[in-house]
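Novice: Sharing a model that was predicted from the sequence below.
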Amino acid sequence: MTSIQNHQSTVSIRIGGMNCDHCLRAVKAALASVPGLNVESISIGNATVEWADQPVIDRAIEVIRDAGFDAAVDRTSALGGSCCAEDANASDAAGCAAADSSPCCGA
């Protein structure tokens, strides 16, 4: 019997509109419905997931939105992170590069 191993990627998904435990449970249930997605952690406003194929992450974003929340892949996590990943005000890599608050971003 031959085992095929897929390369797994880990990414953070920013989730808008989550305010309480009910929201947290709704997002957990939505993500649990996505085959091929491993939820590593979830908190209000963020989920860290592991996936092997692009359609899986696309489906994860779709089910979160279908549950009534905004969702987008955190580009700093998708790009392997950067010094600006710690900047809570940077919403993506472009925003990170423009942020004045982080001295490592060339400001």
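Specialist: Here it is on my side, so go on.
Novice: Please, which helix or strand holds residue 50?
Specialist: In the assignment (DSSP states H and E), residue 50 maps to strand 46-51.
Novice: buried set for that strand?
Specialist: Using 16 or more other CB atoms under 10 Å as the test for burial, strand 46-51 gives 47, 48, 49, 51. Every residue, glycine included, has its C-beta placed from N, CA and C.
Novice: try stretch 48-67
Specialist: Result for stretch 48-67 [16+ other CB under 10 Å]: buried residues 48, 49, 51, 56, 57, 59, 60, 61, 63, 64, 67.
Novice: So which of those are in helices?
Specialist: 56, 57, 59, 60, 61, 63, 64 (DSSP state H).
Novice: follow-up on the earlier one: let's have the buried residues of strand 46-51 in JSON lines, adding pLDDT.
Specialist: Output for the buried residues of strand 46-51, formatted as JSON lines (pLDDT from 0 to 100):
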{"residue": "47", "pLDDT": "96"}
{"residue": "48", "pLDDT": "95"}
{"residue": "49", "pLDDT": "95"}
{"residue": "51", "pLDDT": "87"}
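Novice: out of the residues you listed, who's nearest residue 72?
Specialist: The nearest member of the buried residues of strand 46-51 to residue 72, counting by CB to CB, is residue 47 at 11.3 Å.
Novice: Surely that closest one and residue 41 touch.
Specialist: Yes - the pair residue 47 / residue 41 is scored as a contact, 7.1 Å apart, by CB atoms under 8 Å.
Novice: Please enumerate the strands of the protein.
Specialist: 9-16, 38-43, 46-51, 70-73 (DSSP state E).
Novice: Now tabulate the ones you listed in a markdown table and tack on distance to residue 24.
Specialist: Compiled in a markdown table, the strands of the chain are given as follows (distance: least, CB to CB, whole Å):
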| stretch | distance to residue 24 |
| --- | --- |
| strand 9-16 | 10 |
| strand 38-43 | 7 |
| strand 46-51 | 10 |
| strand 70-73 | 14 |
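Novice: Now distance to residue 8 too, for the buried residues of stretch 48-67, in a markdown table please.
Specialist: Converted to a markdown table, the buried residues of stretch 48-67 look like this (distance: CB to CB, whole Å):
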| residue | distance to residue 8 |
| --- | --- |
| 48 | 12 |
| 49 | 10 |
| 51 | 7 |
| 56 | 10 |
| 57 | 11 |
| 59 | 16 |
| 60 | 14 |
| 61 | 18 |
| 63 | 19 |
| 64 | 20 |
| 67 | 24 |
